[in-house]
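Q: predicted structure and sequence below. I'll ask about it afterward.
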Amino acid sequence: MKQTTIKKLEIGDILYSSWGYDQTNIDFYKVKRLAGKTMVELVPIESKLAETLQNSPYEDMVVPYPPNEGKPFRRKIKYYSDRAWVNLNSYSGASLWDGKPLAQTNSHYGH
């Protein structure tokens, strides 16, 4: 049987959340502090435009922009398969970002 290694969260890691109804929103969070073995303190961070897709004018590619941080908050670390994630609220959770730009609905879509 293949042994799976779970990636533990570390200070400085970036998490992302993809959520929305009729549109896709991407939110980023930075691990500010580990509180014991089961809790993490996160801060929301802004995103910035990485590129606008030429073949899809309805989507933008975004990446985190860590210089501007929001108010810290704590969440319990959970594990699904081989990855850590946190439940943010009733409609979204966040997991470790892989460093690649993520697609979200363009802010001008539908205007």
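A: Thanks, I have it.

Q: quick one: residues contacting Ser47.
A: 26-28, 62-65, 104 (Cβ atoms under 8 Å, 6 or more residues apart in numbering). For the C-beta atoms, the positions are set from N, CA and C on the backbone; glycine is no exception.

Q: and those, which of them are in helices?
A: Using DSSP state H, no member of those falls within helices.

Q: widest-spaced pair of those residues?
A: Within the contacts of Ser47, Tyr65 and Gln104 form the most distant pair, 13.6 Å apart (Cβ to Cβ).

Q: who has more neighbours, these two?
A: Gln104 (22 against 12; other Cβ atoms under 10 Å).

Q: separation between that one and Tyr16?
A: Distance of Gln104 to Tyr16, given as Cβ to Cβ, to the nearest Å: 10 Å.

Q: mind listing the strands the longest strand along the chain pairs with, and their directions?
A: Across the chain, the longest stretch assigned as strand under DSSP state E is strand 39-52. Sheet pairing for strand 39-52, assigned by DSSP bridges, gives strand 25-35 (antiparallel), strand 59-69 (antiparallel), strand 73-80 (antiparallel).

Q: how about the most centrally placed residue in the chain, what does it touch?
A: Centroid-nearest residue in the chain: Tyr16, 0.5 Å away (criterion: Cα atoms, centre = their mean). Residues near Tyr16 by Cβ under 8 Å, 6+ apart: 26-29, 64, 94-95, 97, 102.
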